[in-house]
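>>> Please work out how this folds:
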Amino acid sequence: MKLLHTADVHLTPGAPERMDALRTVCRMVQELACSALVVAGDLFDSPEAALDLRAEVRELLESVEGEVFIIPGNHDVEAFRSGEYYGRNVHVCSGPEAFRWEVDGVPVIGVPYLPGREGWEALRRLALRQESSPLVALVHANFYSSSLSACYFLKEDGHSGAACLWDRDFEDFPPSYIALGHWHNPTLPAFAVNDVRAAYSGTPYPLARGETGERRVFLVEVSPEGVFPQGVKIPGVPRRERVPFFFVPGEEEKTLEEMRLFLERGSSDQVILDLEVEGWVANVSEEACAGEVLSLVDRYRDRWRDVNTGTLRITGVSALPGIARRCLQFLRESEPPAVDALEDCSEPCLRELAREVREDREGIYRQALSFIMRYLGAVK
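Coordinates of the predicted model:
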């Protein structure tokens, strides 16, 4: 049996491109010969969006040649509480309890969005009743690595806060595919814990900064031998990319030219570009530099699917703290070491470093300047 896994569509009337991406995913169910489509939470961006789009979504899901399984996420948990009908082939986890379904002999468990560890406990109760055949579970939650638990400031036995799973939860779990929702980038490759595979499909259409790269669904094959997931690109959906530019004093024109060349030569109508611009300027005012950046973006915007600049973080060099200014002065006055100064050194890599510094003094200077200004310039 094969199924297709998506999540976090966040449908809303003001973003028709998200519905278009979902339509593409629904077509892929037939193209990839799948028996089912599973949606692991946040199909809608809000209960209000669900109310506005219910008829359109019902028509779309009924067109899927297979079964559709949906669980609520944290954004649309209230949208399904009244048992709304989404089509004859659509199965919705509509209450606060986990549901168990079946497709082609494979158990499918749907866990609604529940706080803390409640979702895991509901999943465990149903999963442990299963036979040895592989199962599929839909969960909308954070998936944490136990080896990094100190980084999360969480307790594994907590019953409050955001829904969460831990990798060690599945060490003695039956063979399963855990279709995850909540994180907006796909898991490539899927998490592996003994006989369990778990993955976030990510958003089918990029919604915000950080959702970079190609958008994916997971094609999952379930057989008596186990579960075998693979990420599959969603055709026709643009990818989102983040590109940073950093200004250093005295190099403003060079940075602007690099930006111009990138916007001109790197353009693609399949890319939503997040241009992140920051740094420090000396030969031009903050306002003038920001104006040049926005002018370049306007000139080349139509070559991209979209270009976002956010807030331009450009600051005059006079605002640098004293320690950063002293470092800059030191760099300006320093001379690179001569190659022969290291001739007696037994370490070949040091001689090679000296050669690289002499050949690209300007490039090394700019890199050093960037590091200093990034990490010291923020200190007030």
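>>> ok, which stretches of this protein are helices?
With helices called from DSSP state H, the chain shows them at 16-31, 47-62, 118-127, 149-152, 252-265, 286-300, 322-333, 348-359, 361-375.
>>> okay, now the domains of the chain?
Per the record, the chain has its domains at 2-233, 239-375, by automatic domain parsing.
>>> weakest of these by average pLDDT?
Among these, domain 239-375 carries the lowest mean pLDDT, a mean of 82.
>>> So for this protein, the centremost residue is which one?
residue 185 (2.9 Å; CA atoms, centre = their mean).
>>> Quick check: that residue touching residue 216?
No - using CB atoms under 8 Å, residue 185 is not in contact with residue 216, being 9.1 Å away. (Each C-beta comes from the backbone N, C-alpha and C, glycine too.)
>>> what residues do the two have in common as contacts?
residue 202 (CB atoms under 8 Å, 6 or more residues apart in numbering).
>>> my guess is residue 222 meets residue 136, correct?
Yes - Residue 222 is in contact with residue 136 according to CB under 8 Å; the separation is 6.5 Å.
>>> For the two, list the residues in contact with both.
Common neighbours of residue 222 and residue 136 (CB under 8 Å, 6+ apart) are 3, 106, 177.
>>> Could you export stretch 101-120 as PDB, keeping only the C-alpha atoms?
Provided in PDB are the C-alpha atoms of stretch 101-120 (Å, rounded to 0.1, in the frame of the first residue of the first chain):
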ATOM      1  CA  TRP A 101      -9.100   3.700  10.700                       C
ATOM      2  CA  GLU A 102      -7.900   1.200   8.100                       C
ATOM      3  CA  VAL A 103      -6.900   1.300   4.500                       C
ATOM      4  CA  ASP A 104      -6.000  -1.700   2.400                       C
ATOM      5  CA  GLY A 105      -5.500  -3.700   5.600                       C
ATOM      6  CA  VAL A 106      -3.100  -1.100   7.100                       C
ATOM      7  CA  PRO A 107      -4.100   0.500  10.500                       C
ATOM      8  CA  VAL A 108      -4.200   4.300  10.400                       C
ATOM      9  CA  ILE A 109      -4.200   6.200  13.700                       C
ATOM     10  CA  GLY A 110      -5.100   9.800  13.900                       C
ATOM     11  CA  VAL A 111      -4.100  11.800  17.000                       C
ATOM     12  CA  PRO A 112      -5.700  15.300  17.400                       C
ATOM     13  CA  TYR A 113      -3.500  18.200  18.600                       C
ATOM     14  CA  LEU A 114      -3.200  17.700  22.300                       C
ATOM     15  CA  PRO A 115      -1.000  19.500  24.800                       C
ATOM     16  CA  GLY A 116       2.200  18.200  26.200                       C
ATOM     17  CA  ARG A 117       2.500  14.400  26.200                       C
ATOM     18  CA  GLU A 118      -1.300  13.600  25.900                       C
ATOM     19  CA  GLY A 119      -1.000  13.000  22.200                       C
ATOM     20  CA  TRP A 120       1.800  10.400  22.700                       C
END
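>>> Tell me the gap between that stretch and the middle of its chain.
24 Å (CA atoms, centre = their mean, to the nearest Å).
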